[in-house]
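Visitor: structure here, sequence nowhere to be found:
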């Protein structure tokens, strides 16, 4: 049994960053697995349990979506889930409780995916401070471009948070360079144009997105949009550092609860082993 001092040291230990988690996977010869779930769906308690299931079943980085009323990047499955959370009274401030409860129970890195208006409305430094205090590793910001991210750069430096910007098949060379230079933790490579959603196969544009980010100097590039199976994860792992799964996990939560999320995570994790 641990002593009170040992327990204090354990709780005081800084949670892993997304970069830490990806490096840990790399050292183990694996593709990092990133799993997305919306906060507060279908309830706060169930969203926490589902996220813990991810951490206990092979997911390296847990991406928690902050429900928003106008989610322009999200497909119908995630839109329905976030609308449900909002209808149940989920507030932006509730995400910090969700993150805290997850980080207390798993050693996966936890990042929040949010549309920028929600951060701006609370106050960038206030949001960053509360996220760091909850044990969060950083933010994925799909609608924030580096040229408009001055406050976020300052707050993320002050509070030691990852900055995860997106790059897409349509990104100019300059946009790719800026995304790479501005990111910390990993660069989010969007494999297809359009909204999120599970697909039968991964877009062949994904490899080009990764190659361009690597050419611009990215250490870690993780690919999302359209990934739903261990075979997809294995394919992504042949050229990327991580695979991001969202819609398939939200469907599992919708249809089978947190236990189904854990089962799918185990299946996906089977595709993470790199071929030697």
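Guide: Received the coordinates, thanks. For clarity, every value in this text was computed on a predicted model and none was experimentally measured.

Visitor: shaky segments in the stretch 51-200 of the chain?
Guide: 71-72, 192-200 (pLDDT under 70).

Visitor: can you give me the helices in it?
Guide: For the stretch 51-200 of the chain, applying DSSP state H, counting those that start in this stretch gives helices covering 76-87, 94-103, 116-122, 124-133, 150-159, 173-182.

Visitor: and of those helices, who's closest to residue 70?
Guide: helix 116-122 (8.3 Å; CB to CB). For glycine as for every other residue, the C-beta is placed from the backbone atoms N, C-alpha and C.

Visitor: okay, buried residues for the closest one please.
Guide: Within helix 116-122, the residues that count as buried by 16 or more other CB atoms under 10 Å are 116, 118-119.

Visitor: how about those in a markdown table, adding distance to residue 204?
Guide: What follows is those, written out as a markdown table (distance: CB to CB, whole Å):
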| residue | distance to residue 204 |
| --- | --- |
| 116 | 30 |
| 118 | 34 |
| 119 | 34 |
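
Visitor: just name the most buried of the helices of the stretch 51-200 of the chain.
Guide: Ranked by mean neighbour count, the helices of the stretch 51-200 of the chain are led by helix 94-103 with a mean of 22 (mean count of other CB atoms under 10 Å).

Visitor: what sits up against that helix?
Guide: 15, 39-40, 44, 47-48, 51-52, 55, 62, 64, 66, 108, 110, 112, 114, 130-131, 133-136 (CB atoms under 8 Å, 6 or more residues apart in numbering).

Visitor: please repeat the previous calculation with a cut-off of 6 Å.
Guide: Applying CB atoms under 6 Å, 6 or more residues apart in numbering, the contact partners of helix 94-103 are 15, 39, 48, 51, 66, 110, 130, 134-136.

Visitor: could you do stretch 116-126 as well?
Guide: Contacts for stretch 116-126 (CB under 6 Å, 6+ apart): 66, 92, 127, 141, 143-144, 151-152, 155.

Visitor: so which of the contacts of helix 94-103 is the most crowded?
Guide: Highest neighbour count within those: residue 51, with 31 neighbours (other CB atoms under 10 Å).

Visitor: sorry, back to before: closest to residue 189 among the contacts of stretch 116-126?
Guide: Checking the contacts of stretch 116-126 one by one against residue 189 (CB to CB), the nearest turns out to be residue 141, at 14.8 Å.

Visitor: could you double-check that residue 191 sits in contact with residue 223?
Guide: Yes - judged on CB atoms under 6 Å, residue 191 makes contact with residue 223 at a distance of 5.2 Å.

Visitor: what touches both of the two?
Guide: residue 206.

Visitor: more neighbours: which of the two?
Guide: Set side by side, residue 191 and residue 223 show more neighbours around residue 223, with 32 against 26, by other CB under 10 Å.

Visitor: what about the longest strand in the chain?
Guide: The longest strand of the chain (DSSP state E) is strand 32-38.

Visitor: which residues touch that one?
Guide: Applying CB under 6 Å, 6+ apart, the set of residues contacting strand 32-38 from outside is 22, 25, 50-51, 54, 58-63, 65, 67, 81-82, 85, 222, 241-242, 244-246, 249, 269, 272.

Visitor: could you give me the average pLDDT of that strand?
Guide: Across strand 32-38, the average pLDDT comes to 98.

Visitor: show me how far that strand is from its chain's centre.
Guide: How far strand 32-38 lies from its chain's middle: 5 Å, per CA atoms, centre = their mean, to the nearest Å.

Visitor: name the strands paired with it and say parallel or antiparallel.
Guide: When pairs are called by DSSP bridges, strand 32-38 turns out to pair with strand 61-65 (parallel), strand 242-245 (parallel).

Visitor: now the closest residue to residue 155 other than its chain neighbours: how far from residue 24?
Guide: The spatially closest residue to residue 155, leaving aside those adjacent along the chain, is residue 128, at 3.8 Å (CB to CB, 6 or more residues apart in numbering). The gap separating residue 128 from residue 24 is 24 Å, by CB to CB, to the nearest Å.
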